[in-house]
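# sequence and predicted structure, then a few things I'm wondering about:
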Amino acid sequence: MTHFVLRAHSTRSGRAVQQLGLWIGVVALGVALSFPVTGRAQSTSSHEDLAPTIVDNFEDDAPGTFPEGWVFVESDENIRSYEETRDPGEIMEVREEDGNRYVQLVTEGEALRYTKRNGVDFEWNLKDHPRLKWRWRAHQLPEGASERDQNDTGGAVYVTFGSDWLGRPKSIKYTYSSSLPVGTTVSFGPLKVIVVDSAREPRTGEWKTVQRRIRDDYRQVFGERPPDRPVSITLWSDSDTTGDEAKVDVDDIELLPAR
């Protein structure tokens, strides 16, 4: 689906090439993000009076600009900017509607992904904030795409954890699917896909709120207890395999305390 640095370009060599590209891209991202950030205070707060942590609501960004704090992680030592990494057919840009600002992800036969890092751009300990919430709206999803086959995903939120015993990165990819029903899970080794919204559901094209209990999801797909500190959150849009267009809005990414 992508090559080593995840600059997404279409290939038509069959499923084997698609899956190889997917794996290389995920490994490139995961290896870069798998090293713990040192020198950061670990959370020791009581659950009482914990407030939500805002990862991004895009209200401080000017419309028409790339949102501050999101980066392209090429390696642990090489963090690149939007200007350095975007290709024609890729847009990640803040928009404004009725006084609310949000980010819009657009890909035309391409794929993009930009990341915020735990311990650098925000602080996240699952003991204090076990839930992840965001809103999104799908204007267009890549036609004919499937997380099982074509791999394209018009919108996705990645949570990356550490690595498995082979050094492969472990991630959960929450997707807005073109074709698969909500609740579908797909496994690519240590990369787990969970469909949390779908074109098969009503109200496609309207804002929807997604809320996930990260520990529960991790136990479901990996069969073990998650680490307390995820490594990063990544926004993703991908239409390179189908060669189609995707346009998805994302807003109000928050970490929530236990109920």
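Noted; the coordinates are in hand.

# now do the helices in the stretch 101-250 of the chain.
Assigned by DSSP state H, counting those that start in this stretch, the helices in the stretch 101-250 of the chain fall at 214-222.

# now the strands for it?
Secondary structure of the stretch 101-250 of the chain (DSSP state E, counting those that start in this stretch): strands at 111-117, 131-140, 153-163, 169-177, 185-188, 191-198, 208-213, 232-238, 245-256.

# now mean neighbour count too, for the ones you listed, in a markdown table please.
(C-beta placed from N, C-alpha, C; glycine too.) Output for these, formatted as a markdown table (neighbours: other Cβ atoms under 10 Å):
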| stretch | mean neighbour count |
| --- | --- |
| strand 111-117 | 24 |
| strand 131-140 | 20 |
| strand 153-163 | 24 |
| strand 169-177 | 25 |
| strand 185-188 | 14 |
| strand 191-198 | 22 |
| strand 208-213 | 15 |
| strand 232-238 | 25 |
| strand 245-256 | 21 |
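
# so for residue 146, which of those strands sits nearest?
Across the strands of the stretch 101-250 of the chain, residue 146 has its closest neighbour in strand 169-177 (7.4 Å, Cβ to Cβ).

# name every strand pairing with the closest one and say which way it goes.
strand 153-163 (antiparallel), strand 191-198 (parallel) (DSSP bridges).

# can you redo those as CSV with distance to residue 139 and mean pLDDT?
Below are those laid out as CSV (distance: least, Cβ to Cβ, whole Å; pLDDT from 0 to 100):
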stretch, distance to residue 139, mean pLDDT
strand 153-163, 9, 93
strand 191-198, 13, 97
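
# wait, which of these is closest to residue 224?
Comparing those by Cβ to Cβ, strand 153-163 comes nearest, at 10.7 Å.
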